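**Student:** generate a structure from the sequence data that follows.
(2 chains)
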Amino acid sequence: EADIYQTPRYLVIGTGKKITLECSQTMGHDKMYWYQQDPGMELHLIHYSYGVNSTEKGDLSSESTVSRIRTEHFPLTLESARPSHTSQYLCASSLAGSSYEQYFGPGTRLTVT
Amino acid sequence: AQSVAQPEDQVNVAEGNPLTVKCTYSVSGNPYLFWYVQYPNRGLQFLLKYITGDNLVKGSYGFEAEFNKSQTSFHLKKPSALVSDSALYFCAVRGSGSARQLTFGSGTQLTVLP
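**Tutor:** Numbering: from 1, shown residues only, chains lettered A, B, ... in the order given. Okay, the predicted model is just below:
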């Protein structure tokens, strides 16, 4: 099992609420990623980071924001949740360099009512 | 541009039979290729990767994959399937020297029947 953690695992929240999904890794990886995945479907990269104070938008446009103040921590925030944000959110990390595999957390399943 | 195709949404195989999950790719430069597995309500687990060298790559849980440059394929294989292998499998690619991040395929649901 990889040393990458996500909380909460499940979240049901009402429309308009602000939420933060937590992701932490203890492997000292420089690169971290957030993916959005509908159940049983493909992964879409929404944010990534090369290191502290570095954040980039991914291939899929997202209304969420991220921050990277510490190497081990890469939280994702939704300022105002909507039903269209209902999905699974997967956090991953890797060493720098194209050839390194990514290690994934268990995911947060978000439902916005 | 880089892309990955997993042509089969679903693969069914009997326990004890060999299994193959197909993947083809398109990328600029040399490819870095990966296979991941996802069990229900879990994140993805890394199985194996091809970076360079031997075209046959061995990975976790008895899985292996064969890189074929001329056919731009990287099919996942296992000689004898187990019921516990039933899961969702993703192929992913990134071009060496590319600024692009990893691109994942759409996934193949493998069901091993007892």
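
**Student:** could I get the full set of helices for chain A?
**Tutor:** Remark: helices of chain A are absent; assignment by DSSP state H.

**Student:** residues of chain A that sit close to chain B?
**Tutor:** Applying CB under 8 Å from any CB of the partner chain, we find that chain A lies next to chain B at A:4, A:6, A:33, A:40-43, A:45, A:48, A:58-59, A:90, A:92, A:98-99, A:101-107, A:109. Every C-beta, even on glycine, is put in place using the N, C-alpha and C of the backbone.

**Student:** inside strands: which ones of those?
**Tutor:** The strands, defined by DSSP state E, take in A:4, A:6, A:33, A:43, A:45, A:48, A:90, A:92, A:103, A:104, A:109 from the residues of chain A next to chain B.

**Student:** and of the residues you listed, the nearest to residue A:63?
**Tutor:** Nearest to residue A:63 among those is residue A:45, at 15.1 Å by CB to CB.

**Student:** for chain B, state which of the ones in strands among the residues of chain A next to chain B is nearest.
**Tutor:** Closest approach between these and chain B, by CB to the nearest CB: residue A:104, at 3.4 Å.

**Student:** contacts only, for the closest one.
**Tutor:** A:2, A:4, A:90, A:91, A:92, B:36, B:43, B:44, B:45 (CB atoms under 8 Å, 6 or more residues apart in numbering or on different chains).

**Student:** relative to its centroid, which residue of chain A is most remote?
**Tutor:** residue A:99 (21.0 Å; CA atoms, centre = their mean).

**Student:** buried residues, stretch B:64-83. List them.
**Tutor:** For stretch B:64-83, a neighbour-count test (16 or more other CB atoms under 10 Å in any protein chain shown) marks B:64, B:65, B:66, B:67, B:72, B:73, B:74, B:75, B:76, B:78, B:81 as buried.

**Student:** show the pLDDT at the fourth one.
**Tutor:** Which is residue B:67. For residue B:67, the pLDDT comes out at 97.

**Student:** before we move on, the earlier item: redo the ones in strands among the residues of chain A next to chain B as a markdown table? Include pLDDT.
**Tutor:** What follows is these, written out as a markdown table (pLDDT from 0 to 100):
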| residue | pLDDT |
| --- | --- |
| A:4 | 96 |
| A:6 | 97 |
| A:33 | 96 |
| A:43 | 92 |
| A:45 | 94 |
| A:48 | 95 |
| A:90 | 96 |
| A:92 | 96 |
| A:103 | 95 |
| A:104 | 95 |
| A:109 | 96 |
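
**Student:** farthest pair in the residues you listed?
**Tutor:** A:48 and A:109 (21.1 Å).

**Student:** ok, these two, which is more surrounded?
**Tutor:** residue A:48 (24 against 17; other CB atoms under 10 Å in any protein chain shown).

**Student:** please enumerate the strands of chain B.
**Tutor:** B:3-5, B:10-14, B:19-21, B:24-26, B:31-38, B:44-50, B:56-58, B:64-68, B:73-78, B:87-95, B:103-104, B:108-113.

**Student:** just checking: what are the partner strands of the first one?
**Tutor:** Strand pairing for strand B:3-5, using DSSP bridges, gives strand B:24-26 (antiparallel).

**Student:** related to what we said a few turns ago, and the ones in strands among the residues of chain A next to chain B, which of them are buried?
**Tutor:** A:4, A:6, A:33, A:43, A:45, A:48, A:90, A:92, A:103, A:104, A:109.

**Student:** return the closest of the residues you listed with respect to residue A:74.
**Tutor:** Checking these against residue A:74 with CB to CB, the nearest one is residue A:33 at 8.2 Å.
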